[in-house]
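K.L.:
with the input below, show me the fold.
(one chain, ligands or ions: 2)
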Amino acid sequence: MTKSSNLGYPRIGEKREWKKALEQYWKGNIGEQELQTELENLRLYDLKKQKDLGIDLIPVGDFSLYDHVLDTAVMFGLIPERFQHQDEKSLQTYFDIARGNKDAVASEMTKWFNTNYHYIVPEVSSETEPRLVENRLLPYFLEAKEKHGIIGKPVLLGPVSLLKLAKGYENKDFDKLVEKLVPLYIQVLQQLELAGAEWVQIDEPILATTLTEYDINVFKKVYQSIDSKLSSLNVLLQTYFESVDHYEEVVSLPVAGIGLDFVHDEGANLEALKKYGFPADKSLAAGIINGRNIWKDDLNTSLTVLETLRSFVNEDRLIVQPSCSLLHVPVTVETEYELHPQLKNALAFADQKLEEINLLTEGLNKGRQTVEKKLTDQAHCREQLWKSASRNNEDVQKEVEFWKGVEPTREQHFAKRQTIHQNFFNLPLLPTTTIGSLPQTTDIRQGRLKWRRGDWSDADYQDFVEANIKEWVARQEEIGLDVLIHGEFERNDMVEFFGEKLDGFAFTRYAWVQSYGSRCVKPPIIYGDIALTEPMTVKEISFAQSLTEKPVKGMLTGPITILNWSFVREDISEFDVTKQIALALQKEIRALEENQIHMIQVDEPALREGLPLKPKKQQQYLDEAVYAFKLATSAVKNETQIHTHMCYSEFGEIMNTIDELDADVISIEAARSHGELIADFEEQSYEKGIGLGVYDIHSPRVPEVEEMERYILRALKVLDPRQFWVNPDCGLKTRDVTETTEALTNMVKAAHHVREKV
Ligand code: GLN
Ligand code: ZN
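P.N.:
Ligands and ions are numbered 1, 2, ... in the order given. Predicted coordinates for the structure are as follows:
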């Protein structure tokens, strides 16, 4: 019999109960006991649900109070030095590492592979002595067994990935550290074996990245040691997010089962399997249902793939599962009462994906004919949306077609534009500006809520937004900024705001996914052709411009960011979706120009995070990103100055791409890593306008004038004063009015001081 399995279930609960409980605890409104009871109930509910959905191998220990990488690090005593005097087993220490406390800063947080999930980076030094603090999987395993009679499959991040994701040690000490970790892993596994576990899932997602022969040998050694110390417990070595580059070596590792992703990377794992076969003595856990998207699966095709796999692997050794943990998708479609049925019927979140897995497993075990009707029904649901008017907007499709093979470029070269802009705007040297948003105070958020609830009419809300714009235009003039902004008071979120105005986007009620810690995001769904029906930003921005002689910079979110922060339809290529967004933005930009806005910023903070894991795919992604940005921005008049903004500082490796965007000015986050960024410019020259953030907006601290002056002067050692802009790191929406006013006043002073010196 073929078994069904899951790799991980969303932690947050159907209505974000998890988030709410954690935040109540952090605020001190509930105690630790209450928190634990609440979370236990949620965990047991989710276990039961998976059991009822017919899953044979149910994961345990995938649950976390914050992050699974942090869990693993703490379990093996990898505690940052500044927290080592605290009780290593306490919840306080655990949360302090993740969130910081008044004496010590939190550990760094970074993106989990190519997802929107962020993990806490373990800090390990070459001298670190890992030890087993406690086996956190054991209570989870026992809980599932005692409460629901489930023999769970404990999930654990493997030692190689854990160390590869950690920082703070020298490469030469990698082997030494792995060797110290392995016996501790063995202890954990032996305890689970003794408690009656049959399978354990060891995640080694690093196997889906590009590795060296050396790394592969480390894997061989590690899993040889682990395997030799276990008797009845089966190790399932799990990879996900992409195919594995070293297929033959990976499937030969000495473990009982290998988990592979058969969804991503254009069937590369399947091709490798057909070519090299699969070891007869191993189980194959086949990731066949996409754990990253929200769409119902094409079950007919998936079943065919599984049937192919079964011709290579004995049916008792085949396991059907999602391509990765379901952590990255929302919990259930069921509660989305307000979605259009045509769309709702085409969606599958975590629970629906588990139903699909169950169905496919049944199809294998009892024959295709037993599930035929369900497969046909599902295909019908998918088709309905495919055929719908929303996906067949001829105007949009013709326009995309028109641009095929056409290279969008600005009429004049940058050097020419630079002169035109100088004459047109007549800005001083080192012009001062900001990134777009101004403080989103409680007052502003409440205003929006009143309007959404219907307590305020559209006109009331418009008046309210305009009053805020007016107040802040005056304040910006008083501060002495050279280029003003309207402040984005009308926007809730930089993607949602545009999505709500464009055709082709849908919004859900509860479809949250964890981004980091208790923070969840609710990405919009791009389900249809994207079209602009009326201008989205002109009213507010031209109102701001009407109040001042200084230029007001228009503010838009770029095509790649809108794409990367949404759930995207899959019936057409992502590139085509990006082009549709870009063409809508092109029209918006034209409308802004027609309304006398000649400086327009198109933000692309998410450009870098969409970079594929495999180097061979990166260039294509970057080329497409450049194309989309230019499609949106290059059809403008010569005097129009295009700005862009990005908020990360690993600039060096994508410097070429940034240059190719051909934006007249880029503002970029820099305050926290100033030295490194400047070094990038020593190595490569960059000629266009650039603002390296001169202060960190993530902290409430108001920087001194001299401090920012030093930043500017340091940058001017490498960059020409005629290209340098003075701005903060990012938007100011999370700061308060006083901090913002004081910080910007100091920033303007700093720019004035430096102007006198250069
Ligand atoms: N214009 C946006 C703002 O100021 C940019 C946000 C971002 O970079 N993430 O908020
Ligand atoms: Zn930013």
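K.L.:
next, the residue in the stretch 151-300 of the chain positioned nearest to ligand 1: secondary structure please.
P.N.:
Using CB to the nearest ligand atom, Arg292 is the residue of the stretch 151-300 of the chain that sits closest to ligand 1, at 22.4 Å. To be clear about C-beta, it is placed using only N, CA and C from the backbone, and glycine gets the same treatment. Under DSSP: H, G, I helix; E, B strand; the rest coil, Arg292 falls in the coil class.
K.L.:
wait, it touches His328, no?
P.N.:
Yes. If you go by CB atoms under 8 Å, Arg292 and His328 touch, sitting 5.4 Å apart.
K.L.:
neighbour-wise, which of the two wins?
P.N.:
His328 (23 against 20; other CB atoms under 10 Å).
K.L.:
between Arg292 and His328, which contacts overlap?
P.N.:
Residues touching both Arg292 and His328 comprise Thr115, with contact defined as CB atoms under 8 Å, 6 or more residues apart in numbering.
K.L.:
any weak-confidence spans in this structure?
P.N.:
649, 673-675 (pLDDT under 70).
K.L.:
and it, which residues reach ligand 1?
P.N.:
Residues of the chain lying close to ligand 1 by CB under 6 Å from any ligand atom are 435-437, 494, 555, 603, 605, 645, 647, 730-731, 733.
K.L.:
redo that, cut-off 8 Å
P.N.:
Counting by CB under 8 Å from any ligand atom, the residues of the chain close to ligand 1 are 434-437, 485, 488, 494, 555, 557, 561, 601, 603, 605, 645-647, 730-733.
K.L.:
contact partners for the residue of the stretch 401-550 of the chain found nearest ligand 2?
P.N.:
Closest contact between the stretch 401-550 of the chain and ligand 2, by CB to the ion, is at Ile435 (5.8 Å). Applying CB under 8 Å, 6+ apart to Ile435 gives the contacts 485, 601, 645, 667, 727-732.
K.L.:
rerun at 10 Å
P.N.:
Going by CB atoms under 10 Å, 6 or more residues apart in numbering, Ile435 touches 485, 488, 553, 555, 601, 603, 605, 643, 645, 647, 667-669, 691, 693, 697, 727-733.
K.L.:
repeat for Gln50
P.N.:
Gln50 is in contact with 4-6, 9, 56-59, 144, 148, 150, 152, 326, 350-351, 354, counting by CB under 10 Å, 6+ apart.
K.L.:
tell me how far it lies from ligand 1.
P.N.:
Gln50 sits 36 Å away from ligand 1, taking CB to the nearest ligand atom, to the nearest Å as the criterion.
K.L.:
wait, the residue of the stretch 151-300 of the chain closest to ligand 1 sits on Ser323?
P.N.:
Yes. Under the criterion of CB atoms under 10 Å, Arg292 makes contact with Ser323 at 6.9 Å.
K.L.:
now do the shared contacts for these two.
P.N.:
Common neighbours of Arg292 and Ser323 (CB under 10 Å, 6+ apart) are 240-241, 261, 263-264.
K.L.:
tell me which residue of the chain lies closest to ligand 1.
P.N.:
Counting by CB to the nearest ligand atom, the chain gets nearest ligand 1 through Gly731, at 2.1 Å.
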